[in-house]
Each structure stands twice: as structure tokens, then as C-alpha cells.
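*Asks:* Sequence and predicted structure below; questions after.
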Amino acid sequence: MIAVLMTGCTGSGDPVDTTGRSHDATFDQAMGVADSLYNCMQFRDAYKLYLKLLDSKEAEADSEKRLRVLDALSGTSELSGHKVEQHKWLQQLHDLAKETGNDYYQSLAFMTMGQNLFYEGDREKGIYSVNQAINLMAKTNRENTDHLIHGYLNMLASMYGDTNDYDNALKTNERNLQLTLEGTRWGAAPNQQLIDRRMALAKMASVLAQMGRSASGPLQAKYYQQADSAYDAWKAVQYEGNHTRDYFIVDYMKNRGRYQEAVTIYNNLIQRVRQQGDTLGEMMNTAKWGLAEVYQKMSNCEQAAILYEQVLEIQDTLKSRKAKHTAQELAAVYREQEQEETIMQQQAENTRQHAFLLIQLLALFGVIALAVIVIVKNRIINLKNHALIKLIDENIKLKSHSQPLPVKNGSASSLFLRLSTEIREQQLYLDPLFDRQAVCDRFSLTAVQVGNAFAQGSDYDSVADFIRDCRLEHACHLLKTTDMSIANVAARSGFSRVTTFNHDFKAHYNLTPSEYRRL
């Protein structure tokens, strides 16, 4: 049994003690608590609990549980300020997985190590490690094995492309296409095999078009013909449902001068993002930037300039969000320091009884000072409320008239765009139970993959942060357009408790929901 403080999580990411005391928990219960802390963006607390679990008797006796904890530690290290420890956990994960013959966890270790090596400059070792990850994952027999290998092959092809090794990039894409034609293990997601096949064809068309652009004469004509054939095959792959990954064909269109078709792809993506209200997010930034580049190539400089100006506004908003997150993290550190100081003061009090009266006076002075601060702060807030509500309304109005853009390089950004697009389009965040594990289950991904996609591929610190923003934006719309009670607005926006909704709304907009509606 493992002694842990049983915690829950508010929608703002603040863990709360749901019982007020420690409990002896099973390994799985303790892992659930650690994962909950991770989802609440309490990465340091999650990291500490994962460390405690690593030393537990259960993890020592069961290699599968130990591998699970090591995988969690490697994924949490950087986010919790322990980046230097990540290599150690990855190495232990790799060594134990190899020793126990666990190809799945050994593959996960190789994949993360390969990406780290490649983007830190050792490209040769990075590519080697990703190849090892692919070969090991192919030996596993999970429900979504082929879908995981498809993602690995996409990453490998991108690495070859970044090193201008187009021959190997093409071979990797051909292998990926063959997998999507012959593979049988794609998980439970609808149309996953067709979606991945369409992605493989888009990647292949882009690489062939790039090779044609770098060649000349008959060889150029040959590559262009093959690229066009891949594009025709891409169009022939049809399925019902989400087509948010169509933008991957845009690189081919740019290289082949099919600018108007690229404009259509980007405008469709922008429309989908606009419908979900994400007009100041990463996807809109990506889409508008890409569309601006296309217009610039078409010599439509006026339209390109308008889009670039909109991109700058979006990026300013994203920077503000990032600054807010940083401030919240610093505030958490400060609270921790305050708690430590309080403990030291309490210990000193036991040996200095003669200072008891002085401590009481100081405490009273602190309460009075705090009350004065609160009064002054409230008056200032009241003065700023009208300006603030005007700014919020302008931002929401801007969201209703904006449209989405291109993607950052790297697998984390691509995965984030895929996940966030479907979450917004399907309004999955309206389900109060929708969380990181639900994202993992729906898209057949690991918790580490999902966590990295949001923390490293976007300006959100975590899945929970993204979902909370979606719910608050939806709530703003309901508050201004309906007469629902605050409790109903909270429930209709995906919040399980109205107290959580009130807390999150106040923290995000510096106004209560009632104040926002009234103003």
C-alpha cells in the first residue's frame, strides 16, 4: 500500500484534498492520483508522486508497473523542471524493457530518445533510434499497433526531409502507404486506416513534388508525374467524417503551383476552426499564416498583408496566454515557499512561547493589511470592469469573424493540430468527463504522447488547460445569447460543478459570470 493524499482537481487546475487526510492506496489508485495531478498541470507534485511510486514494493515486484512509472517520469521530467533527469528515466525505461522483452515500452523509449537526439543536433543517431522504435513496435500486437507505426513513419520521413535526404524520405512514405493498404491493427477510431492512407499519400505527393523541383529535364518530369499520380490517389480516398488533416497536401500544391486549390484547403480549415470559436488559437495562427504565404506566391500582396496583420494579432494573444501561464507557475512556487516559511515559523514557535503574543499581533496586522489590500483591489477592479468586459466582447466578436492557418514543424505541433481540431469540431469538451485519458482512448495515444502534443506543440501547458479554455469560450457565448441560469450555463459548457465554473471564469476573465452578463 502507498500512503498518498487523496486529491481531486478543480477546472482551473488546482488540486484539492477531497478527504483532508492521507490514505493507503493501491498502486493503480496512486497512479490515478498522479495522473490527475498531471492533468491539473501540477507537474512538480505529479513528478514527486511518480518518484514515490517508483520506490514502491509494487513497482519493484512487477516490471510492467515499473515500466509504466518510468514512462510517466520521462514524460513529466521536462514539464516539472527536471529536464536533466529525463535522459536517466528514458535509459532506465529502455534497459528494463529490453531486459524483460517488452517491445512496446522499449519502442516508446527509442522514439522519445530519437526525437531528442535529432532536434538537439545529433541527427544520425536520432534517425537510427526512430528506426529502432519502428522495428520494435512492429513486433507488438496491440489493437492500434499499425496506427502507431504509421505515426512513427511520418516522423521518420519528416526527419529525412529536414536533412534533404529525399530518397529515404520517399522510401519511408512508400513503406507507410503499403502499411495503410495491408495493415489490420488500427484501433477503434472510425475510418482510421483510410485517414492514415490519405495522410501517407499526401506526404508522398509532397516529397515527390519537392524532388521534382530540385531536378531538371526528364527526371523532373518523372517526379512531377509521380507526384501528380499520388495526388490523384489522395483525392480518390474518400470517407465519411472529419477531414481536418487535408492541409498536409498543401506542400504538394505549393510545389506544383496549384495555389487556388491550396487556398480552398486553407479556407475550409479556417471555416472549421471559426465554427468552433478558436479564432485566436494556435490552429488559426497556423492556417492564416499558410494562407498568407499562398497569396504571396500568387502575387496577391494586398490579401497576404491583411492576413499577416491578423497573424500578428493572434500571436500577441498567444504570447499573452503564455505569459499568464508563466505567472501562474511562479505564483505556485511562491505559495510553496510561503508554506515552507509557515512551517519553519510554527517550529520556532514551539521553542519561543514568549513570542506568542507578538505572533498574534503580527497575524492580526496581516489580516488588517490583507483586508485593506482587498478593499483597494476591489475598487480598482470595479473601475476596470467596464474596460475589461469591452475587451472580452471584442475578442469574442473577433473570434466569430476570424479564420484558421499553417502548422509548426515537428510531430508535437502536427499531433496537437489534429487533436485540437477534432475536439473543437466535435465539441468533445462539453462532456464533463472529457479529459486527457478520454483523449488517449479516442485517438489511441499514450498519455505521454498527448501531454507532449499540448505542452510542446502549442501554447497550452496541458490538455486540461486547452479543454478549460474551450469550455469558458462556450460559456461566454451562452451568457450573452441566452437567459440560462449560471448553473445551467456551467452544465451546458462541460463543467461538472458550478463552483468550479465560477472559480475558473473569475480567474480567466477577472470577472464573475454574473458580472460579465450584467455588463
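*Replies:* Done, it's in. Numbering: from 1, shown residues only.
*Asks:* you'd agree V439 is up against I423?
*Replies:* Yes: between V439 and I423 there is a contact at 7.4 Å, judged by C-beta atoms under 8 Å. Just so you know, the C-beta spots here come from the backbone N, C-alpha and C atoms, and that holds for glycine as well.
*Asks:* how about low-confidence regions in the stretch 351-500 of the chain?
*Replies:* Applying pLDDT under 70 to the stretch 351-500 of the chain flags residues 351, 353-359, 361-410.
*Asks:* can you rerun that using 50?
*Replies:* Applying pLDDT under 50 to the stretch 351-500 of the chain flags the ranges 376, 381, 398-409.
*Asks:* quick one, helices of it?
*Replies:* 356-401, 411-425, 436-443, 447-457, 463-481, 486-492, 498-509 (DSSP state H, counting those that start in this stretch).
*Asks:* From the contact counts, what lies against the second one?
*Replies:* Yep, that's helix 411-425 we're talking about. Secondary-structure packing of helix 411-425 (3 or more C-beta pairs under 8 Å, 6 or more residues apart in numbering; DSSP states H and E): helix 145-162, helix 259-275, helix 282-297, helix 436-443, helix 447-457, helix 463-481.
*Asks:* Reformat those as JSON lines; add mean neighbour count and distance to A169.
*Replies:* Formatted as JSON lines, those follow (neighbours: other C-beta atoms under 10 Å; distance: least, C-beta to C-beta, whole Å):
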{"stretch": "helix 145-162", "mean neighbour count": "22", "distance to A169": "4"}
{"stretch": "helix 259-275", "mean neighbour count": "19", "distance to A169": "21"}
{"stretch": "helix 282-297", "mean neighbour count": "24", "distance to A169": "21"}
{"stretch": "helix 436-443", "mean neighbour count": "18", "distance to A169": "25"}
{"stretch": "helix 447-457", "mean neighbour count": "22", "distance to A169": "21"}
{"stretch": "helix 463-481", "mean neighbour count": "21", "distance to A169": "31"}
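*Asks:* Which of the helices and strands in the chain ranks last by mean pLDDT?
*Replies:* Using mean pLDDT, DSSP states H and E, strand 15-25 stands out as the lowest-scoring helix or strand of the chain, at a mean of 48.
*Asks:* List the residues that contact the closest residue to S496 other than its chain neighbours.
*Replies:* Of all residues not flanking S496 in the chain, P432 sits nearest, at 4.0 Å (C-beta to C-beta, 6 or more residues apart in numbering). Going by C-beta atoms under 8 Å, 6 or more residues apart in numbering, P432 touches 491, 494-496.
*Asks:* Which of those ranks first by neighbour count?
*Replies:* Within those, most neighbours by other C-beta atoms under 10 Å means F495, with 26 neighbours.
*Asks:* Burial check on the closest residue to it other than its chain neighbours, number of neighbours?
*Replies:* Spatial nearest neighbour of F495, excluding adjacent residues (C-beta to C-beta, 6+ apart): F501 at 4.0 Å. Residues lying near F501 (other C-beta under 10 Å) number 25.
*Asks:* Then A412?
*Replies:* By other C-beta under 10 Å, 19 other residues sit near A412.
*Asks:* for Q192, same thing?
*Replies:* 19.
*Asks:* G277 too?
*Replies:* Using other C-beta under 10 Å: G277 sits among 20 other residues.
*Asks:* That one in helix, strand or coil?
*Replies:* On the three-state scheme (DSSP: H, G, I helix; E, B strand; the rest coil), G277 is labelled coil.
*Asks:* didn't it look like it was pressed against A475?
*Replies:* No: using C-beta under 8 Å, G277 makes no contact with A475, being 11.0 Å away.
*Asks:* where do the helices sit along the stretch 1-150 of the chain?
*Replies:* Using DSSP H, counting those that start in this stretch, the helices of the stretch 1-150 of the chain run over 27-39, 43-54, 57-61, 63-76, 83-100, 103-119, 123-138, 145-162.
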